[in-house]
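**Q** How does the following fold in three dimensions:
(one chain, ligands or ions: 2)
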Amino acid sequence: MADKIAFQADVSKMLDIVINSLYSEKQIFLRELISNASDACDKLKYLALTHPDIAKASGAFKIVLKPDEKELTLSVSDNGIGMNKEDLIAHLGTIAKSGTAEFVKNASDNGSVCELIGQFGVGFYSAFMVADKVEIITRKAGEDKAWKWSSNGIDGFEIVEAKKDTNGTDIKLFLKKDEKNYVDTIYLRQIVRTYSDHIAYPIVLDLGKAGEETINTGSALWTRNKAEITEDQYKEFYHHISHNFDDPWLTLHFKAEGNIEYTGLLFIPSNAPYDLFQPDKKNSLKLYINKVFISDKLEELMPNYLRFVKGIIDSADLPLNISREMLQHSALIEKIKAGTISRLLKELQKRAKNYDDYIKFWNNFGIVLKEGIYEDFKNREEIAAISYFHTTQDENKLTTLDEYISRCDKEQKSIYYITGDDIKIMRNNPQLEAFKQKGWEVLLLCDPIDEFWPQVLPNYKGYAVKHISQADADMSWKREEKKADEGALGKLCEFMQKLLSAEVGKVTPTEKLTTSPVSLTVEGGQMSLHLERLMRNHQQQTAFASTRILELNPYHPLIIKLADMVMEDKNKAKVEEIAKILLDQAKVAEGEAISDPSFYAEKISQYILKDITAA
Ligand code: ADP
Ligand code: MG
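**A** Ligands and ions are numbered 1, 2, ... in the order given. Now for the predicted structure:
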């Protein structure tokens with residue numbers, strides 16, 4: 001009796017999208033099936049390290065393509081690990097990767113489906129682009145039973161017991177009528193050479209009576225000499241390991257020699273993957289030991305802030321019989337990691353010299369790389385040096401800290417920054433007024449991580465890194481304008497502080513403002529207003545809300561007038577009303593919500609009306 005099993009909902013939707021939108025790239029199904037066959041051989045090879053008996057029967061690993069012109073079928077076979085019934089149901093009836101359901105939905109809502117699918121990787125299901133039926137006969141290494149899985153790729157699949165003498169998997173595609181190409185051996189050779197030449201196992205074309213012919217080079221790409229590898233081959237290898245469709249922005253192939261030897265073939269994608277910010281997104285470097293695939297889940301191999309790097313590391317110096325758990329704590333892995341980070345950073349340094357080129361990378365991954373300034377104690381300065389920031393200097397170009405320093409005037413001892421969530425609002429923040437007047441540049445930091453890294457990088461190349469709320473002392477400068485009377489100003493501050501005590505901890509004059517009467521900031525060393533907003537958005541408790549400081553501009557006619565009114569002890573109610581409006585104004589300029597918007601709106605309308613009636 002055959003079990004008829006329906007696809008998990010995600011699978012049906014995804015199949016539909018894949019089949020209908022990747023139409024122009026149909027031939028990639030072969031790359032996917034060959035990749036899976038190669039993975040299956042990798043897995044058995046690894047298992048054989050600990051269970052030599054299980055792998056004994058399989059002989060040399062190979063992947064066989066067998067076209068049948070009469071039947072119009074193409075078979076892809078391997079003698080790898082194989083699948084049992086549970087594997088078939090788990091792997092070929094559901095999508096196990098997290099975030100996929102959401103992705104599939106986005107993909108179907110979005111115009112550029114092809115690119116999105118590319119970021120996800122279509123895998124096995126791409127077979128249904130060219131086949132209207134797929135039959136798999138498979139037997140898992142070490143088990144006796146074999147199984148036949150079959151499906152039309154629409155509603156579900158059937159599984160029945162089958163016969164197979166050896167372990168491994170045969171996948172037979174019943175090609176659609178207009179897909180005769182895929183029984184044409186010349187065409188098959190061409191696709192394999194283009195997409196799968198780097199596969200480390202022989203890919204053999206079964207020509208029936210004419211015998212067998214190996215059509216790929218059959219040695220792992222990273223073991224070959226750099227001079228003999230073409231850019232296209234690198235590109236295809238990148239597609240193979242990343243499942244991406246884009247071209248790599250960076251390809252880095254190196255051999256480290258010395259007390260530990262290893263080879264790396266690393267890539268940085270041109271596009272950001274859809275799951276870059278999913279909490280479970282981990283690095284996906286593959287670790288090989290002397291060409292045997294060991295793991296792609298070894299988090300210790302790459303730091304989190306380089307989680308966008310794809311590729312492989314292969315070392316013959318790691319002991320093959322070591323367990324994955326032991327690898328996690330291996331000092332050798334630590335060395336490989338440190339060496340690899342340093343090579344990557346050097347390469348980024350080189351690329352950073354070309355702004356237009358580097359900024360493409362930065363726009364995709366800068367926000368992740370910056371986590372390294374915070375996380376990576378050892379490479380902190382180096383990462384900071386290849387980071388780019390928005391600045392008050394130039395609206396259209398980002399700047400590095402070194403460029404910033406080179407523009408500093410002699411008086412300036414610090415690199416100043418402000419944080420916020422919207423660049424446009426930040427550019428107009430009143431706190432920047434005196435800086436603009438003096439011609440001092442300020443960095444505009446708007447990513448959440450920007451709240452954290454300056455705390456661990458208090459100095460950069462002899463310059464203090466300072467939030468502008470802590471710059472008051474640096475700001476003393478000669479001003480010609482009329483200033484409020486000291487005594488009156490003190491009274492005004494006192495008065496406002498009492499009046500607004502529910503919302504601000506302190507009211508004080510500042511030298512930082514030129515055109516605005518007031519501005520809102522926080523006590524030095526406390527959480528910035530931006531960080532507070534971020535935490536509130538993430539439902540974090542704001543029990544430790546920072547002490548707000550309302551700063552007054554003692555040169556502003558409005559403040560001068562108000563100070564006089566307090567001094568003369570006249571019209572208290574009016575002063576109170578204006579003080580409240582000023583606090584609201586300061587909040588708006590900072591991007592904060594005001595506590596009573598209708599009060600604010602009503603008062604402003606009244607003043608406007610008065611103004612136009614007077615005119
Ligand atoms: P991915 O390769 O990214 O995991 P696929 O859709 O290509 O996704 O394959 C899904 C899963 O099916 C694989 O992870 C593997 O467990 C299983 N699988 C596919 N092809 C084979 C094969 N030839 N031999 C053994 N297992 C396979
Ligand atoms: Mg696959």
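
**Q** tally of neighbours for the closest residue to ligand 2 within the stretch 101-250 of the chain?
**A** Among the residues of the stretch 101-250 of the chain, residue 123 lies closest to ligand 2, at 4.1 Å counting by CB to the ion. Backbone N, C-alpha and C define where each C-beta goes, glycine included. When counting by other CB atoms under 10 Å, one arrives at 19 neighbours for residue 123.

**Q** Same question for residue 325.
**A** Neighbour number of residue 325 under other CB under 10 Å is 7.

**Q** Over to it. Which of the three states is it?
**A** For residue 325, the assignment made with DSSP: H, G, I helix; E, B strand; the rest coil gives helix.

**Q** gap between it and residue 300?
**A** Distance of residue 325 to residue 300, computed by CB to CB, to the nearest Å: 11 Å.

**Q** Pretty sure residue 311 sits in a strand.
**A** Yes: Residue 311: assigned to a strand according to three-state DSSP.

**Q** give the contact list for it.
**A** Residue 311 makes contact with 241, 252, 264, 265, 266, 267, 285, 286, according to CB atoms under 8 Å, 6 or more residues apart in numbering.

**Q** So what sits opposite it in the bridge?
**A** Applying DSSP bridges to residue 311 gives these bridge partners: residue 266.

**Q** now the stretch 451-600 of the chain, which segments are flagged as low pLDDT?
**A** Across the stretch 451-600 of the chain, the ranges flagged by pLDDT under 70 are 539-544.

**Q** Would you pull up the residue in it closest to ligand 2?
**A** residue 538 (35.3 Å).

**Q** Count the residues that sit near the closest residue to residue 456 other than its chain neighbours.
**A** In space, and not counting its chain neighbours, residue 456 is closest to residue 374: 5.6 Å by CB to CB, 6 or more residues apart in numbering. When neighbours are counted by other CB under 10 Å, residue 374 registers 19.

**Q** Which strand or helix spans residue 374?
**A** According to DSSP states H and E, residue 374 maps onto helix 371-375.

**Q** Just the CA trace of that helix, in CSV.
**A** Presented in CSV, the C-alpha positions along helix 371-375 are these (Å, rounded to 0.1, in the frame of the first residue of the first chain):
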residue,chain,number,x,y,z
GLU,A,371,29.1,44.9,15.2
GLY,A,372,32.7,43.9,15.1
ILE,A,373,33.9,47.3,16.5
TYR,A,374,31.8,46.3,19.5
GLU,A,375,32.5,42.6,19.6
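
**Q** mean confidence for that helix?
**A** Averaging pLDDT along helix 371-375 gives 95.

**Q** Contacts for it, please.
**A** Around helix 371-375, the neighbours that count as contacts under CB under 8 Å, 6+ apart are 303-306, 379-380, 383-384, 387, 449, 452-453, 455-457.

**Q** Where does this protein get nearest to ligand 1, residue-wise?
**A** residue 123 (2.4 Å; CB to the nearest ligand atom).

**Q** which residues touch that residue?
**A** Applying CB under 8 Å, 6+ apart, one finds that residue 123 lies in contact with 32, 36, 243.

**Q** One more: residue 298?
**A** So residue 298 contacts 285, 287, 324, 327, 328, 333 (CB under 8 Å, 6+ apart).

**Q** so which helix or strand takes in the residue nearest to the second one when sequence neighbours are not counted?
**A** This means residue 287. The shortest distance from residue 287 to any non-neighbouring residue, by CB to CB, 6+ apart, is to residue 294 (4.7 Å). Element membership of residue 294 [criterion: DSSP H and E] is strand 292-295.

**Q** then that strand to CSV, C-alphas only?
**A** This file holds the C-alpha atoms of strand 292-295, laid out as CSV (Å, rounded to 0.1, in the frame of the first residue of the first chain):
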residue,chain,number,x,y,z
VAL,A,292,36.5,15.6,3.8
PHE,A,293,33.5,17.8,4.6
ILE,A,294,33.1,18.1,8.4
SER,A,295,30.6,20.7,9.2
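
**Q** And for the nearest residue to residue 26 once chain neighbours are set aside, the neighbour number?
**A** Nearest residue to residue 26, sequence neighbours excluded (CB to CB, 6+ apart): residue 129, at 4.8 Å. Look at residue 129: counted by other CB under 10 Å, it has 23 neighbours.

**Q** Residue 129 touches residue 29, doesn't it?
**A** Yes: if you go by CB atoms under 8 Å, residue 129 and residue 29 touch, sitting 5.5 Å apart.

**Q** do you know how far the residue of the stretch 451-600 of the chain closest to ligand 2 is from residue 548?
**A** Taking CB to CB, one finds residue 538 at 21 Å from residue 548.

**Q** okay, those two: which has more neighbours?
**A** Between residue 538 and residue 548, counted using other CB under 10 Å, the more crowded position is residue 548 (23 against 8).

**Q** residues in contact with that one?
**A** Counting by CB under 8 Å, 6+ apart, residue 548 makes contact with 503, 504, 505, 506, 520, 521, 522, 529.

**Q** burial count for the fourth one?
**A** Residue neighbour count, defined by other CB under 10 Å, stands at 17 for residue 506.

**Q** show me the contacts for it.
**A** 497, 523, 547, 548, 549, 550.

**Q** could I get whichever strand or helix holds the fifth one in CSV with only the CA atoms?
**A** Remark: residue 549 resides in strand 548-552, with elements defined by DSSP H and E. The C-alpha atoms that make up strand 548-552 are tabulated as CSV, following Å, rounded to 0.1, in the frame of the first residue of the first chain:
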residue,chain,number,x,y,z
ARG,A,548,16.5,64.7,30.3
ILE,A,549,18.1,68.0,30.1
LEU,A,550,16.3,71.0,28.5
GLU,A,551,19.0,73.3,27.2
LEU,A,552,18.2,77.0,26.7
